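Q: Okay, sequence plus prediction incoming.
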Amino acid sequence: MSSFAVTVTIHTLQCAACAMTFGVPRRFEEDRRKDHKQFYCPAGHINVFHDESEEEKMRRERDIARQQVARAEEEAARARRKAVNAERETKRLKKRAAAGTCPCCQRTVIQMARHMKTKHPEFIAEEISNVVKMKAKK
């Protein structure tokens, strides 16, 4: 017959219901703190570790940070889309005004076209140069 010695480190816990002190192996305590499963004291009372482990806290904080980054990226994309749409609308309105379309009643006014050509020729020239630049970029 052979014999051998085993060293086991026992951690003491106290029952939440009856305050009885009892011992469990270190790994058992670590596992219950991680998985939050129920365990029993020697008197049969149910005990559970409800507190978050350090790993769970870090994971939760990481997830919150990822959500904040995603939210900020979405807001930035929304702002870019809004700026592009505003720019398009401005261009459209300038083009219509240059063609003599009244921005209020949507009718073409001959006098407005004449006014734009005589009083604001740089406005039309600026639009034409922008169109030429855009075509050159393509």
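A: Okay, I see it.

Q: Which secondary structure state does the closest residue in space to Asp31 that isn't next to it in sequence sit in?
A: Nearest residue to Asp31, sequence neighbours excluded (C-beta to C-beta, 6 or more residues apart in numbering): Lys37, at 7.8 Å. Yep, even glycine has a C-beta here, placed from its N, CA and C like the rest. Of the three states, Lys37 takes coil under DSSP: H, G, I helix; E, B strand; the rest coil.

Q: Neighbours of Lys37, how many?
A: By the other C-beta atoms under 10 Å criterion, the neighbourhood of Lys37 contains 10 residues.

Q: Now it. Its backbone dihedrals?
A: When read as degrees, to the nearest 10, the backbone of Lys37 gives phi -80, psi 160.

Q: I'd say it and Val48 touch.
A: Yes. Between Lys37 and Val48 there is a contact at 7.4 Å, judged by C-beta atoms under 8 Å.
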